[in-house]
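*Asks:* got a structure for you, letters missing:
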């Protein structure tokens, strides 16, 4: 499987590099590359009342340009705060199943919660959310196992609690999906 990472707006390249490395390890045998071009933050997806960007609309814009990348999956990475209707925020969203996903780094930073900067924790959270959203593109749904990377993160505490890997129930589904790609 070929995965490309598309930066949406200015993003710390070290964080993106760690995401790239993790995706190659977790989705064994996959090729993961960072696209050189940076997609501008789509201002027409901004909701001024919420002070957030509509995740599904950003995802649609990724979909519109994803065919030119010649990949099986596209992961958009942005630093803006994302939402979907009926939720206060989302850490990410993906087509399930599908080719495209997005994660937001905004609420993964300890500083967002008034804590001191912690780059190691920030990178760990980013990697978990990236694996989670690519898992959705493979057709995996949310898992009930709180330690599984596919567990739904309703808060940052959920993200911190889960592992960056799939549980024994979800992992065979990943292998089956990768064999079919």
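*Replies:* Nice, thanks for sending it over. Keep in mind that what you see is a predicted model, and the values were worked out from it rather than measured.
*Asks:* show me the helices in the chain, by range?
*Replies:* According to DSSP state H, the chain carries its helices in the segments 13-26, 55-66, 119-137, 156-161, 171-180.
*Asks:* so for residue 48, which of those sits nearest?
*Replies:* Nearest to residue 48, of all those, is helix 55-66, at 14.0 Å by Cβ to Cβ. C-betas here are computed from N, CA, C, even on glycine.
*Asks:* quick one: distance of that closest one to the chain centre.
*Replies:* On the basis of Cα atoms, centre = their mean, to the nearest Å, helix 55-66 sits 13 Å off its chain's mean C-alpha point.
*Asks:* count the neighbours of residue 7 for me.
*Replies:* Residue 7 sits with 21 neighbouring residues when counted by other Cβ atoms under 10 Å.
*Asks:* hang on, it packs against residue 77?
*Replies:* Yes: shown here, residue 7 and residue 77 form a contact pair, counting by Cβ atoms under 8 Å, at 5.6 Å.
*Asks:* joint contacts of those two?
*Replies:* Shared contacts of residue 7 and residue 77 (Cβ atoms under 8 Å, 6 or more residues apart in numbering): residue 16.
*Asks:* burial of residue 23, as a residue count?
*Replies:* Neighbours of residue 23 (other Cβ under 10 Å): 21.
*Asks:* what's the nearest residue to it if we skip its chain neighbours?
*Replies:* residue 32 (4.5 Å; Cβ to Cβ, 6 or more residues apart in numbering).
*Asks:* thinking again about what came up before, I'd like the helices of the chain as JSON lines, with mean pLDDT appended.
*Replies:* Formatted as JSON lines, those follow (pLDDT from 0 to 100):
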{"stretch": "helix 13-26", "mean pLDDT": "94"}
{"stretch": "helix 55-66", "mean pLDDT": "90"}
{"stretch": "helix 119-137", "mean pLDDT": "97"}
{"stretch": "helix 156-161", "mean pLDDT": "97"}
{"stretch": "helix 171-180", "mean pLDDT": "86"}
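*Asks:* longest single strand anywhere in this protein?
*Replies:* strand 31-39 (DSSP state E).
*Asks:* quick check: angle from it to helix 55-66?
*Replies:* Between the axes of strand 31-39 and helix 55-66, defined by axes from the mean of the first three to the mean of the last three Cα atoms, to 10 degrees, the angle is 100 degrees.
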